[in-house]
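Q: Build the 3D model from these lines:
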Amino acid sequence: MCWRVYLLRCSDNSLYCGVTTDIERRLSEHNLGVGSRYTRTRLPVRLVWSSGELTKSEAFKEEYRIKRLSKVMKEEMSSSVG
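A: Model prediction:
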């Protein structure tokens, strides 16, 4: 199974990092208010970055690494894609 790490831009301009095996489904869940407690009050959200295919272990390690980055570094990641 392929895993991906993703960054969402929330309506308050904050960034949310998560892990999933299906980005489209997970984005839909977030926007329906059932994705996470954090994004539930910051709708709508949009995808701004996602990783390539990773193993489960790699994905959770990458999520941990990204969550420890400064907001500036996360902004650079999200703007480097588009």
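Q: how about the helices in the protein?
A: When assigned using DSSP state H, the helices of the chain occupy the ranges 23-31, 37-40, 56-67, 71-81.
Q: wait, which of those helices is closest to Trp3?
A: helix 56-67 (3.6 Å; Cβ to Cβ). Backbone N, C-alpha and C define where each C-beta goes, glycine included.
Q: ok now that closest one, how far from the chain's centre?
A: Taking Cα atoms, centre = their mean, to the nearest Å, one finds the center of helix 56-67 at 11 Å from the center of the full chain.
Q: and if you look at stretch 41-54?
A: Per Cα atoms, centre = their mean, the displacement of stretch 41-54 from the mean C-alpha position of its chain is 4 Å.
Q: Need the mean per-residue confidence for it.
A: Model confidence over stretch 41-54 averages 97 on the pLDDT scale.
Q: next one: stretch 68-82
A: Computed over stretch 68-82, the average pLDDT equals 86.
Q: which outside residues touch that stretch?
A: Applying Cβ atoms under 8 Å, 6 or more residues apart in numbering, the contact partners of stretch 68-82 are 7, 9, 15, 17, 48-49, 66.
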